[in-house]
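# Sequence and predicted model, in that order:
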Amino acid sequence: MTTTAPAADSRTLGLAHYAARGVLAHVLTRHGLTFTQQIALRTAVTADAPRTPDELAATVLTALKTGPAEARAAFDALRDQGLLLADGPHLVPTDAGRALLAAAAPEIAPVTARVWAGIAAEDLAAAGRLLARVTENADRELAALKR
């Protein structure tokens, strides 16, 4: 456990993100998914109505701040694996796609719990507020850079 807490900054945030993402990616690999593919599949599975590939990609782009090519590649791979399929203009999860997420969840949950173990509720609340503010500020800066 870290005894001297570093000040929160882009580096410490990035290190924490990539450490936790690395754990998740390791588990997802056993299920044949990349991190981006899991986000893309979850986006399709949790959509409240069928979405077009462009609508799904926009959600993934917003979440991951990735490029359109990476999002499209994830959806293409999911279609190739039979986890998503085209239904008219929409891209919908297959039963196999839903089952894969359901099968991975019980393996991911305890690992995630261990990653977050031992962190006081008030620290989690403070971190949540901090991360929401950083996300808001970064989204605003990214939007300005894209103008």
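Structure's in. What do you need?
# What's the local residue count around A104?
When neighbours are counted by other CB atoms under 10 Å, A104 registers 20. To be clear about C-beta, it is placed using only N, CA and C from the backbone, and glycine gets the same treatment.
# Where does it fall, secondary structure wise?
In the assignment (DSSP states H and E), A104 maps to helix 95-116.
# ok, and what's touching that helix?
20, 23-24, 27-28, 30-33, 38, 41-42, 44-45, 78, 81-84, 124 (CB atoms under 8 Å, 6 or more residues apart in numbering).
# Helix or strand: which one has the residue nearest the centre of the chain?
For the chain, I39 is the residue whose C-alpha lies nearest the centre (CA atoms, centre = their mean; 4.4 Å). Assessed by DSSP H and E, I39 sits inside helix 35-46.
# Sort out which residues of that helix are buried, please.
T36, Q37, Q38, I39, A40, L41, R42, T43, A44, V45 (16 or more other CB atoms under 10 Å).
# ok now the lengthiest helix in the chain, how far from the chain's centre?
Counting by DSSP state H, the longest helix found in the chain is helix 121-146. Centroid separation for helix 121-146 versus its chain: 16 Å, with CA atoms, centre = their mean, to the nearest Å.
# got the angle between that helix and helix 95-116?
120 degrees (axes from the mean of the first three to the mean of the last three CA atoms, to 10 degrees).
# start at 27 instead
Sure, I'll start counting at 27 from here, so that last one is helix 147-172.
# now helix 147-172: mean pLDDT?
Mean pLDDT, helix 147-172: 94.
# And for stretch 54-63?
95.
# what does that stretch contact?
Contacts to stretch 54-63, defined as CB under 8 Å, 6+ apart, come from residues 47, 50-51, 64, 67, 86, 90, 92, 96-97, 99-100, 103-104, 107, 126, 129-130, 133-134.
# Which of the residues you listed are buried? Put it as a PyMOL command.
This is the PyMOL syntax for the buried subset of those, where burial follows 16+ other CB under 10 Å:
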select buried, resi 50+64+67+86+92+97+99+100+103+104+107+126+130+134
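# okay, and for the chain, where does confidence drop off?
Residues of the chain meeting the criterion pLDDT under 70: 27-29.
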